[in-house]
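Engineer: Have a look at this prediction, sequence included:
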Amino acid sequence: MHPLPLHLGPGSDLRASLEQLGTQAGASGFVLGVVGDLSQAAFQCPGQAEPTVLQGHLEIITLQGTVAPQGVHLHLSLSDGECQVWGGHLEHGSLVLRGADLLVGFLPTDAPQEPVTAAATPAQPRVEIAVGSGCPFSARALRMLRTLGIPHTVQLADDEGVRQEVAQRSGGRSMPQVFIDGQPIGGYDALADLHGRGALDHLR
């Protein structure tokens, strides 16, 4: 395993930064440790329809899960000023307050792989999704893709330049914007419509 340290400065999006790291590394790995704090935390609690969002001085207690080019699956726990502990599935919009230092361990890229068959998942996900921090429809679309087990890449489009690039590709400025095989299909409503018609099943 190759350990890789990652320092995040104030304002960094915790989840988006780890997604970018997985893409750059081109390998799969695990979060081994973390120390830091957040000014805002967004996480999905079990059984809740929408992510929980907390603001204030929030101390990270644990962050664990997987990091890969196809995306991340991370669980966060944190403490607020009253020493109350919160936690759930890490969502976009969890912003670093003063700093965060992480250690991510990546598996060797030359490690033995399972034989590839016709039914294997493609190396590059066919679904791309551009999302906005704190956008409820972005969170719903991401949750749908995860629930269905559809591999996908995520692009955080909070920056105006990135949002303009996404708008040029998709023809729309609202979030999220979903692309399948590079073709824009629209936002959450369009994705939900495809799911209702069973048109997403072949992407699993």
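Structural biologist: Nice, I can see it. Since this is a predicted model, take the numbers as computed values, not measurements.
Engineer: so where's the chain uncertain?
Structural biologist: Within the chain, the segments meeting pLDDT under 70 span 109-123.
Engineer: Show me how it divides into domains.
Structural biologist: In the domain annotation for the chain, the residue ranges read 2-106, 127-203 (automatic domain parsing).
Engineer: how about the strands in the protein?
Structural biologist: With DSSP state E, the ranges of strands along the chain come out as 2-8, 29-44, 52-68, 71-79, 85-90, 95-106, 127-131, 152-156, 177-180, 183-186.
Engineer: possible to save the domains of the chain as a markdown table with mean neighbour count?
Structural biologist: Glycine gets a C-beta too; all of them are placed from N, C-alpha and C. Listed next are the domains of the chain as a markdown table, based on neighbours: other Cβ atoms under 10 Å:
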| stretch | mean neighbour count |
| --- | --- |
| domain 2-106 | 17 |
| domain 127-203 | 17 |
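Engineer: circling back to that earlier point, can I get the strands of the chain in a markdown table with distance to Ser17?
Structural biologist: Conversion of the strands of the chain to a markdown table gives the following (distance: least, Cβ to Cβ, whole Å):
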| stretch | distance to Ser17 |
| --- | --- |
| strand 2-8 | 5 |
| strand 29-44 | 11 |
| strand 52-68 | 10 |
| strand 71-79 | 10 |
| strand 85-90 | 11 |
| strand 95-106 | 8 |
| strand 127-131 | 14 |
| strand 152-156 | 9 |
| strand 177-180 | 21 |
| strand 183-186 | 26 |
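Engineer: closest to Val166 out of those strands?
Structural biologist: Closest to Val166 of the strands of the chain is strand 127-131 (Cβ to Cβ; 4.4 Å).
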